[in-house]
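J.: Only the shape, not the letters, is given here:
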């Protein structure tokens, strides 16, 4: 009779341990999923930030109302940040930024 009681207590302890471990695993999976979601959100924000930066530089370069010095600096920044295409061509041909060094 005592052995049965000891066996039941041991079995109950094992069941509690398994259930508790399973809950910790579920919590860990949920936390990891939310971390991955945050990582994706941060990557999207970085991409949007770069797009906005290039957009502002592009507008500065192309605005004839801006002083030429600011347009040249913006052109250097635009190309340095990876901007290309028509705006880069405009900077090189019209603003002659390849001939001007910025410190």
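T.: That came through, no problem. Just so it is clear, the structure is predicted and the values come from calculations on it, not from any experiment.
J.: Which parts of this structure are helices?
T.: 2-62, 68-80, 86-93 (DSSP state H).
J.: what is the rounded mean pLDDT of the second one?
T.: What it means is helix 68-80. For helix 68-80, mean pLDDT is 95.
J.: do the same with the first one
T.: Averaging the model's pLDDT scores along helix 2-62 yields 79.
J.: again, but for the last one
T.: In this model, helix 86-93 has an average pLDDT of 94.
J.: tell me which strands and helices that helix is in contact with?
T.: When contacts are defined as 3 or more CB pairs under 8 Å, 6 or more residues apart in numbering; DSSP states H and E, helix 86-93 packs onto helix 2-62, helix 68-80. Bear in mind the C-beta positions are built from the backbone N, C-alpha and C, glycine included.
J.: ok, back up a step: TSV for the helices of the chain, including distance to residue 101 and mean neighbour count?
T.: Shown next, in TSV, are those (distance: least, CB to CB, whole Å; neighbours: other CB atoms under 10 Å):
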stretch	distance to residue 101	mean neighbour count
helix 2-62	18	11
helix 68-80	9	18
helix 86-93	14	15
